[in-house]
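[1] I'll drop the sequence and a predicted model, then ask my questions.
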Amino acid sequence: MSDPVTRKTSNYDPNNFKVPEFRKNKDGKLDPTDYQAAVALKDFMQRNDMLFFNEDQLKEGNEKGTVANGDRAIQLNDKEKAMFKKLSDGLFNRLDAGDNDTHDGVVGGRDIDKSIKTSWKLHGDKTSEEGYWKDPTASLSMTPHQAKEHLLKYMDENKDNHLVPYYSSKDNKVISREILENAINFHKFETRFKDGIDDPEVIQALILLRKDFDKVNIGDSENLNSGGDEFFLTLEEIKKWKV
């Protein structure tokens, strides 16, 4: 059953909130939504007098089931372990940029509050088949036309960064579905990269590009097949993106 609190994040009060019950997957295991995990993290921080929560604590919690907090170790219960697992699936990175759109490996209460109020920051571009939340692309402040212009400008300015490793003059492959997914959900073009994408307009542009991936993936002048590569977009295809 859909959690009504999850579906009404606009009613979230950062000063007076209740952690909703976690949903369960088909195997009966705790599998919180992004919203449920985000609220649970804020509650966890408040209960343990933590102003901030960092990447090392997230890693420790997932690996050891404990979290160092000053001179003591917090033992995680099953619900908290489920929350930590959810945070590791890109949610921590998205929350990290919630307040000022930059990534410093630390999440504070303001990051969580602002992410909850902005669906694409909380969910990336993920939709919920169960109806737990609405399409997050509806919360974007960017049009497809603006996304195309911003993305082409960004790619031109960053020829020696991020996208070039995926560019091959032989087959003109520029960006893949997997790279888009990483960029949107982890705010990195690859999860192994240390630095995050600190430009919220790039994230929004990539969300809209991924939404139109199949429409953009039509082939270009150097690819005379009926369509483009199933997994890659070329620079020419992006330039021809009809918006």
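    In hand now; what should we look at? Everything quoted here is computed from the prediction, not taken from an experiment.
[2] burial of Asn25, as a residue count?
    Counted with other CB atoms under 10 Å, residues neighbouring Asn25 total 9. Backbone N, C-alpha and C define where each C-beta goes, glycine included.
[3] grab the nearest non-local neighbour of it.
    The shortest distance from Asn25 to any non-neighbouring residue, by CB to CB, 6 or more residues apart in numbering, is to Asp31 (4.1 Å).
[4] and that neighbour, how far is that from Lys215?
    Asp31 sits 32 Å away from Lys215, taking CB to CB, to the nearest Å as the criterion.
[5] have a look at these two and say which one is more surrounded.
    Higher neighbour count among Asp31 and Lys215: Asp31, with 16 against 13, using other CB under 10 Å.
[6] quick one, strands of the protein?
    Along the chain, the segments classed as strands by DSSP state E run 52-54, 66-69, 72-75, 106-108, 175-176, 232-233.
[7] and Glu129, which of these is closest to it?
    Proximity to Glu129, assessed across the strands of the chain by CB to CB, is greatest for strand 175-176 (23.9 Å).
[8] for that closest one, packing partners?
    Contacts defined by 3 or more CB pairs under 8 Å, 6 or more residues apart in numbering; DSSP states H and E place strand 175-176 against strand 232-233.
[9] which elements pack onto the strand it packs on?
    Applying 3+ CB pairs under 8 Å, 6+ apart, one finds that strand 232-233 contacts strand 175-176.
[10] distance from the strand it packs on to the middle of the chain?
    17 Å (CA atoms, centre = their mean, to the nearest Å).
[11] so what are the sheet partners of that strand and their directions?
    Here strand 175-176 is paired, per DSSP bridges, with strand 232-233 (antiparallel).
[12] is Gly196 in contact with Asn93, as I believe?
    Yes - using CB atoms under 8 Å, Gly196 makes contact with Asn93 at a distance of 6.3 Å.
[13] got any residues that touch both of the two?
    Taking CB atoms under 8 Å, 6 or more residues apart in numbering as the criterion, Gly196 and Asn93 both touch His103, Phe186, His187, Lys188.
[14] what would these look like in TSV with neighbour count?
    Below are these laid out as TSV (neighbours: other CB atoms under 10 Å):
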residue	neighbour count
His103	20
Phe186	21
His187	28
Lys188	20
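[15] got CSV for those, with distance to Leu233 and pLDDT too?
    Supplementary listing: these in CSV, determined by distance: CB to CB, whole Å; pLDDT from 0 to 100:
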residue, distance to Leu233, pLDDT
His103, 25, 91
Phe186, 19, 92
His187, 20, 91
Lys188, 18, 85
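[16] now the two most distant members of those residues.
    Spatial extent of the shared contacts of Gly196 and Asn93 (CB to CB) is set by the pair His103 and Phe186 at 10.0 Å.
[17] tell me which residues form a beta bridge with Val106?
    As for beta bridges, Val106 partners with Asn54 under DSSP bridges.
[18] relative to Asn100, how far out is it?
    Using CB to CB, Val106 is found at 11 Å from Asn100.
[19] looking at the two, which is more packed in?
    Between Val106 and Asn100, counted using other CB under 10 Å, the more crowded position is Val106 (16 against 13).
[20] how close does the spatially most central residue of the chain sit to Phe84?
    The structure's the chain has its C-alpha centroid closest to Asn185; by CA atoms, centre = their mean the separation is 2.6 Å. From Asn185 across to Phe84, the span is 17 Å (CB to CB).
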